[in-house]
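Trainee: Quick one: sequence and predicted model below, then my questions.
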Amino acid sequence: QVQLVESGGGLVQAGDSLRLSCAASGLTFFIYTLGWFRQAPGKEREFVAAISWSSGTTDYTGSVKGRFTISRDNAKNTVDLQMNSLKPDDTAVYYCAARKLTLSQNSYENAYWGQGTQVTVSS
């Protein structure tokens, strides 16, 4: 049984940093593309970042480039999202995802998902 468990969310002020972590089990971790999506109230789920199985390729949505960094540790089966210079617009539930193929705004079919962790950024 595949499980993705996120942690690290919370309430912070604008300009602060947070680090999200996702622990995976039940899958051959190192062959999966890992990523993060987010969903704000009343909005659709939005792609945030993804990292290839080898960590050789990363991808970010434009609004987080230069502020967020995705990384993975294949030995620990974890993927992290370091979020700096947070803005109120970053407020959302953040979801970890794993997929054998690529992950992007339009590519997430058959992905595994975590339960989500809330990030709230106050102004």
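Mentor: On my side now, so go ahead. Numbering: from 1, shown residues only.
Trainee: From here on, just use CA atoms for contacts and neighbour counts.
Mentor: OK.
Trainee: Setting aside sequence neighbours, what's the nearest residue to the residue nearest the centre of the chain?
Mentor: The centroid of the chain falls nearest to Trp36 when counting by Cα atoms, centre = their mean (2.1 Å). Distances taken as Cα to Cα, 6 or more residues apart in numbering put Cys96 closest to Trp36, at 4.7 Å, once the chain neighbours are dropped.
Trainee: Give me the contacts around the helix or strand encompassing that neighbour.
Mentor: Secondary-structure element containing Cys96, defined by DSSP states H and E: strand 92-99. Here strand 92-99 makes contact (Cα atoms under 8 Å, 6 or more residues apart in numbering) with 4-6, 22, 32-41, 108, 110-120.
Trainee: Now with 7 Å, please.
Mentor: Residues from elsewhere that reach strand 92-99, judged by Cα atoms under 7 Å, 6 or more residues apart in numbering: 4, 6, 22, 32-40, 111-120.
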